[in-house]
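Peer 1: my questions concern the predicted model and sequence given below.
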Amino acid sequence: MDVIRIRGGKQLQGKIRVSGAKNAALPILCATLLSDGESILRNVPALKDIETTGELLRVLGRNVMVDPPLVRVAGGPEANPEAPYELVKQMRASVLVLGPLVARYGRAKVSLPGGCQIGSRPVDQHLKGLEALGATIRLANGYINAECKRLKGAEVVFDMPTVTGTENIMMAAALAKGRSTLVNCAREPEVEELGRVLNKMGARVDGAGTDVIHIEGRDELDPFDHAIISDRIETGTYMVAAAAAGGDVLLENAPLEDLEAVVAKLRATGVEVGREGDCVRIRRDPDRPLRAVDVVTAPHPGFPTDMQAQFMVLMCLARGTSRIVETIFENRFMHVPELRRMGAEIDTDGHTAHVHGGRPLSGAKVMATDLRASASLVIAGLLATEGETEVLRVYHLDRGYEYMERKLATLGADTVRIKGQPG
Ligand SMILES: CC(=O)N[C@H]1[C@@H](OP(=O)(O)OP(=O)(O)OC[C@H]2O[C@@H](n3ccc(=O)[nH]c3=O)[C@H](O)[C@@H]2O)O[C@H](CO)[C@@H](O)[C@@H]1O
Ligand SMILES: C=C(OP(=O)(O)O)C(=O)O
């Protein structure tokens, strides 16, 4: 297993380019199942989750060429509509093949994704939505079995805004007969992006990115050629890294408009965030102390849960106590014990963490536990003023960050990957 070693205490300077968005690319890859012919995805990041999805699409009978930033997926009317446990367990987002498979092939057998490190992560809303469109759902032996000759447009009211739930039902409704109305939808930019792709495929999707989406289904959909939007969570992660290490960083292709809640919190702590040409510029004078601010995670456009761990590290630097409340996932504080090992003073009580900032962090060996927690540990390593940090189990990081140690090194950080270490 690879390890990332960080020698902290260096300010960050320079420019890096933000990659394509993982959480936009994954549903769009699954949307290729909705048509025959060859679809082309551009600006796809080189990530483990993209490889896993490519492998899954191959198992389902597609021809897949993954050569980031380009991915090609081709297929015809035949498929093997079974997504096995071995692949689904590697990546929860695999459940996004469920809607397309049942809509296109009338049948799907998809392993239940189960929980993961950050929470139980149920899929009841996905199943409820498919049932509303006319599918029969049976759970047996750890698999979801879904069947329906032809889905029919319907109204689906989600109990809560769910990102992949909304995406699964949008894809299913795009091939259903008639009109669907989805209510209480997730409003994340990645949902809006999927709407754009379904429209390119010939469906009529209206309102993606708002809480009510109307979809006029079609008998057949066309393949597409599409460049994926930039990754807002990668952007936010590098913003926090620049703020934590101090310095002056330009991020090319950064989707600032999708990050308002994060930018507002960064500014409230005293970090400068602004536009400079087609880049976003983040500046912080490391001699000026940061202010402690409180954060409550919420569905978009609220503060993203996927930025909570990284922001918590920044609050370790701030003067005073910051209160961080995680409202989306029940176990998303796994980075806290690791940060404590580096000298952070953080108490947790259920869904709330209190970060008592201002204590220096020191380097340590720490364990990556999930994707965003891994990024937070790398950032903690950047600001540790003494000793070196080794982040173990970086396969979590590789699921969602393209060449993170290289991008940080471009900015002057002392970050290297050491291959094949005992994990
Ligand atoms: C691949 C992808 O895009 N992943 C993102 C997606 O995950 P994901 O789509 O899995 O997360 P959801 O938006 O579905 O989860 C939101 C909340 O709804 C609950 N829920 C969800 C579905 C359901 O059927 N029943 C139910 O109770 C969940 O437990 C959670 O509390 O959105 C999350 C929340 O923004 C992000 O952290 C993930 O990075
Ligand atoms: C939690 C994440 O991904 P997933 O939903 O695939 O677990 C994430 O992107 O932060």
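Peer 2: In hand now; what should we look at? Ligands and ions are numbered 1, 2, ... in the order given.
Peer 1: excluding its backbone neighbours, what's nearest residue 341?
Peer 2: Once flanking residues are discounted, residue 341 sits nearest to residue 364: 5.0 Å by C-beta to C-beta, 6 or more residues apart in numbering. The C-beta positions use only the backbone N, C-alpha and C, and glycine is treated the same way.
Peer 1: which outside residues touch stretch 190-207?
Peer 2: For stretch 190-207, contacts defined as C-beta atoms under 8 Å, 6 or more residues apart in numbering pick out 21, 23-24, 27-28, 31, 34-35, 163, 166-167, 170-171, 173-175, 185, 208-209, 213-218, 220-226, 228-229.
Peer 1: what subset of the residues you listed is also close to ligand 2?
Peer 2: The subset of the contacts of stretch 190-207 within reach of ligand 2, by C-beta under 6 Å from any ligand atom, is residue 23.
Peer 1: isn't the residue nearest to residue 341 right up against residue 391?
Peer 2: No: Residue 364 is beyond contact range of residue 391, at 9.9 Å (criterion: C-beta atoms under 8 Å).
Peer 1: more neighbours: which of these two?
Peer 2: residue 391 (30 against 20; other C-beta atoms under 10 Å).
Peer 1: relative to residue 30, how far out is that one?
Peer 2: Residue 391 sits 30 Å away from residue 30, going by C-beta to C-beta, to the nearest Å.
Peer 1: go on, residue 352?
Peer 2: To residue 30, residue 352 is 35 Å away according to C-beta to C-beta.
Peer 1: residue 372 too?
Peer 2: Residue 372 sits 22 Å away from residue 30, going by C-beta to C-beta.
Peer 1: ditto for residue 418
Peer 2: Remark: distance between residue 418 and residue 30 (C-beta to C-beta) = 34 Å.
Peer 1: same question for residue 410.
Peer 2: Going from residue 410 to residue 30 by C-beta to C-beta gives 32 Å.
Peer 1: the two - which one has more neighbours?
Peer 2: Applying other C-beta under 10 Å to residue 410 and residue 30 shows that residue 30 carries more neighbours, namely 28 against 16.
Peer 1: list the contacts of the more buried one.
Peer 2: Listed by C-beta under 8 Å, 6+ apart, the contact set of residue 30 reads 53, 57, 96-97, 99-100, 171.
Peer 1: would you list those in a markdown table and tack on pLDDT?
Peer 2: Formatted as a markdown table, the contacts of residue 30 follow (pLDDT from 0 to 100):
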| residue | pLDDT |
| --- | --- |
| 53 | 97 |
| 57 | 98 |
| 96 | 98 |
| 97 | 98 |
| 99 | 98 |
| 100 | 98 |
| 171 | 98 |
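Peer 1: still on that earlier bit, from the contacts of stretch 190-207, which would you call buried?
Peer 2: Neighbour-count burial (16 or more other C-beta atoms under 10 Å) is assigned, among the contacts of stretch 190-207, to 21, 23-24, 27-28, 31, 34-35, 163, 166-167, 170-171, 173-175, 185, 208-209, 213, 215-218, 221, 223-224, 226, 228-229.
Peer 1: just those residues that are near ligand 1?
Peer 2: By C-beta under 6 Å from any ligand atom, the members of these lying near ligand 1 are 23, 163.
Peer 1: near ligand 1, which residues of the stretch 201-350 of the chain show up?
Peer 2: So the stretch 201-350 of the chain meets ligand 1 at 305-306, 328-329 (C-beta under 6 Å from any ligand atom).
Peer 1: run the last query once more with 8 Å
Peer 2: 233, 299-300, 304-306, 327-330 (C-beta under 8 Å from any ligand atom).
Peer 1: show me those residues that map onto helices.
Peer 2: Within those, residues falling in helices by DSSP state H are residue 233.
Peer 1: and the residues of the stretch 201-350 of the chain next to ligand 1, which are buried?
Peer 2: Buried, going by 16+ other C-beta under 10 Å: 233, 299-300, 304-306, 327-329, out of those.
Peer 1: make JSON lines out of these and add distance to residue 194 and pLDDT.
Peer 2: What follows is those, written out as JSON lines (distance: C-beta to C-beta, whole Å; pLDDT from 0 to 100):
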{"residue": "233", "distance to residue 194": "16", "pLDDT": "98"}
{"residue": "299", "distance to residue 194": "16", "pLDDT": "98"}
{"residue": "300", "distance to residue 194": "14", "pLDDT": "98"}
{"residue": "304", "distance to residue 194": "17", "pLDDT": "98"}
{"residue": "305", "distance to residue 194": "19", "pLDDT": "98"}
{"residue": "306", "distance to residue 194": "17", "pLDDT": "98"}
{"residue": "327", "distance to residue 194": "24", "pLDDT": "98"}
{"residue": "328", "distance to residue 194": "20", "pLDDT": "97"}
{"residue": "329", "distance to residue 194": "22", "pLDDT": "96"}
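Peer 1: save these as a markdown table, and put in distance to residue 279 too.
Peer 2: Formatted as a markdown table, those follow (distance: C-beta to C-beta, whole Å):
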| residue | distance to residue 279 |
| --- | --- |
| 233 | 18 |
| 299 | 28 |
| 300 | 23 |
| 304 | 21 |
| 305 | 26 |
| 306 | 22 |
| 327 | 32 |
| 328 | 30 |
| 329 | 32 |
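Peer 1: just give me the closest of those residues to residue 257.
Peer 2: The closest of those to residue 257 turns out to be residue 300 (C-beta to C-beta; 11.8 Å).
Peer 1: leaving out sequence neighbours, find the closest residue to that closest one.
Peer 2: Take residue 300 and drop its neighbours on the chain: the residue closest to it by C-beta to C-beta, 6+ apart is residue 188, 4.4 Å away.
Peer 1: find me the pLDDT at that neighbour, would you?
Peer 2: For residue 188, the model assigns a pLDDT of 98.
Peer 1: equivalent analysis for the one 3 residues further on, please.
Peer 2: Here, the pLDDT recorded for residue 191 equals 98.
Peer 1: whatever helix or strand it lives in near ligand 2 at all?
Peer 2: Take DSSP states H and E as the rule and residue 191 turns out to sit in helix 189-200. No: against ligand 2, helix 189-200 shows no contacts by C-beta under 8 Å from any ligand atom, the least distance being 9.9 Å.
Peer 1: give the buried residues for that helix.
Peer 2: Neighbour counts over helix 189-200 (16+ other C-beta under 10 Å) mark 189-200 as buried.
Peer 1: one more: stretch 105-124?
Peer 2: Using 16+ other C-beta under 10 Å as the test for burial, stretch 105-124 gives 105, 107-113, 118, 121, 123.
Peer 1: many thanks, have a good one.
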